[in-house]
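Chemist: Structure for the following, please:
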Amino acid sequence: MIRKTNIRAFAALLFALSLSACVGSSAPTQFYTLATTVEATASKAPVGKKLSIGVGPVTLADYLDRPQIIVRDNAYKVKLSTFDQWAGPLDTGLPTVLVGDLAALMPQDDVVMVPQPFLTALDYQVRINVSRFDIDTAGNAVTEAQWQVFDVKKNAVVATQNSVLREAAGTGTGTEAGVAALSRTLGTLSREMAKAISVAAGRPAP
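Modeler: From the prediction side, this is the model:
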């Protein structure tokens with residue numbers, strides 16, 4: 001009886017040690033943030049009056065509502081990067097970068113995120129739906145967004161566009177290169193928006 005008990009205890013100890021080894025060898029979670037990629041242009045005298053531009057609301061496809069970074073295998077299959085996650089909610093991080101990029105492109109204007117309390121009257125509002133925002137296994141990025149520019153004073157939509165933006169991972173590899181590529185797609189998206197707003201306001205494109 002004593003021998004059987006010792007064998008069971010020894011087996012339980014081995015199991016606990018092996019479990020501990022597995023846990024200890026797990027890869028640590030890496031956290032990533034998007035970043036603005038548009039360099040601020042030299043401040044120029046406003047063409048016409050200074051504009052107040054609101055960015056938002058920005059809605060994301062349901063599959064993006066999670067901390068894990070999405071990696072797409074093909075048109076029908078995506079997977080979650082268990083150990084590669086966003087450092088903060090994507091539904092605030094992504095709009096923040098769009099605001100930063102747009103502000104860099106239009107330094108003579110006020111660019112703010114909406115909705116927010118105590119907001120001054122807007123001239124234009126950009127409403128955005130992001131239907132795709134992911135990378136492939138090589139780190140190449142794709143962003144798909146449907147957006148419109150709304151003239152607040154005229155209460156009318158003055159521009160509508162479907163944007164499909166692709167960026168190669170470049171010299172880097174893996175998730176970090178993919179996040180950098182996703183950031184660059186947001187820079188391109190901001191340029192398209194800045195152009196549409198400028199046209200609506202009767203300005204040359206930035």
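Chemist: Look at G170 and report its pLDDT.
Modeler: G170 is assigned a predicted lDDT (pLDDT) of 82.
Chemist: Tell me how many other residues surround it.
Modeler: A count of neighbours around G170, defined by other Cβ atoms under 10 Å, yields 12. C-beta coordinates here come from the backbone N, C-alpha and C atoms, glycine included.
Chemist: What of L165?
Modeler: For L165, the tally of surrounding residues (other Cβ under 10 Å) stands at 20.
Chemist: which one is it nearest to, not counting chain neighbours?
Modeler: If you skip the residues right next to it in sequence, L165 has T185 as its closest partner in space, 4.1 Å away by Cβ to Cβ, 6 or more residues apart in numbering.
Chemist: Scan this structure for its longest helix.
Modeler: helix 174-200 (DSSP state H).
Chemist: for the record, mean pLDDT for that helix?
Modeler: Regarding helix 174-200, the rounded mean pLDDT is 96.
Chemist: ok, now stretch 89-104?
Modeler: Averaged across stretch 89-104, pLDDT comes to 97.
Chemist: can you list the residues that contact that stretch?
Modeler: The list of residues contacting stretch 89-104 from outside it, by Cβ atoms under 8 Å, 6 or more residues apart in numbering, reads 33-41, 53, 55-56, 58, 60, 64-65, 67, 86-87, 109, 111-113, 126, 128, 130, 133, 183, 186-187, 189-191, 193-194.
Chemist: And the residue nearest to L165, how far from T171?
Modeler: Applying Cβ to Cβ, to the nearest Å, one obtains 17 Å for the distance of T185 from T171.
Chemist: Run through this structure and note the low-pLDDT ranges.
Modeler: Of all residues in the chain, those with pLDDT under 70 make up the ranges 1-26, 41-47, 117-119.
Chemist: Need the residue closest to the centroid of it.
Modeler: Here the mean C-alpha position of the chain is nearest to the C-alpha of L94 (Cα atoms, centre = their mean), at a distance of 3.6 Å.
Chemist: Contacts only, for the residue nearest to R166 when sequence neighbours are not counted.
Modeler: Closest residue to R166 in three dimensions, ignoring its sequence neighbours and counting by Cβ to Cβ, 6+ apart: V142, at 5.4 Å. V142 makes contact with 72, 132-136, 164-166, 185, according to Cβ under 8 Å, 6+ apart.
Chemist: Thanks a lot, see you next time.
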